[in-house]
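S.K.: predicted model follows, preceded by the sequence.
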Amino acid sequence: MFVVQRHHATNLHFDLRLEVGGVLVSWAVPKGPSLDPSVKRLAHRVGDHDLAHADVEGSGLGDGPGTVIVWDTGSYADLGDVDVATGLERGHVKVELHGHRLTGGFALTQTRMGGDEANWLLVKVDDEHADREHDPVATELTSVLSGRSNADLEHHH
């Protein structure tokens, strides 16, 4: 399974998490995923999370201040020539997402930009699900689980 959480803390970012070997391997994606294959998005690898974190929504959670919603979730399949665990070690992961908002192939490539091994790039594979017009990060602001937005959670805190 995979999950993308929209995390509004000191700044807004998206957390992409892939279930690998019983944990959620995670990247913080400041600008969120793009459906446009020409757009490269920085994805900063962060610590693995517990699987229980996958459906977490709320405010003032353990990840620090702010609010978290589940922006997308679903299953994923390996697209690479090696499994995801091996791909992580080699610095290149390719998966096909089957989500509500994100579908099709996505590639994560370790760049080590600025000498930082945690820096990866998230790019949409150019397939039939690629979309150069629609930017779901800008238009889809609610949880696929609860229908609530980050702003809704802030008002209920």
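M.R.: Looks like it came in fine.

S.K.: pretty sure Val39 contacts Val123?
M.R.: Yes - in this structure Val39 lies within contact range of Val123 using Cβ atoms under 8 Å: 7.3 Å. All C-beta atoms are positioned from the backbone trio N, CA, C, and that covers glycine.

S.K.: okay, these two: which has more neighbours?
M.R.: Val123 (21 against 15; other Cβ atoms under 10 Å).

S.K.: run me through the strand neighbours of the strand or helix carrying the more buried one, direction for each.
M.R.: Secondary structure assignment for Val123, by DSSP states H and E: strand 119-124. Partner strands and pairing direction for strand 119-124 (DSSP bridges) are strand 40-49 (antiparallel), strand 103-110 (antiparallel).

S.K.: and for whatever helix or strand comes next after it, what's in contact with it?
M.R.: Using DSSP H and E, the helix or strand that follows strand 119-124 in sequence is helix 136-139. Here helix 136-139 makes contact (Cβ atoms under 8 Å, 6 or more residues apart in numbering) with 14, 31-35, 101-102.

S.K.: again, 10 Å this time
M.R.: 4, 6, 12, 14, 29, 31-35, 41, 71-72, 100-102 (Cβ atoms under 10 Å, 6 or more residues apart in numbering).

S.K.: just the ones in strands from those, please.
M.R.: Using DSSP state E, the subset of the contacts of helix 136-139 located in strands is 4, 6, 12, 14, 29, 41, 71-72.

S.K.: now those residues: which count as buried?
M.R.: 4, 6, 14, 29, 41, 71-72 (16 or more other Cβ atoms under 10 Å).

S.K.: excluding its backbone neighbours, what's nearest Asp15?
M.R.: Distance criterion Cβ to Cβ, 6 or more residues apart in numbering; nearest residue to Asp15, sequence neighbours excluded, is Gln5 at 4.4 Å.

S.K.: distance from the chain centre to stretch 117-129, please.
M.R.: Distance of stretch 117-129 from the chain centroid (Cα atoms, centre = their mean, to the nearest Å) equals 11 Å.
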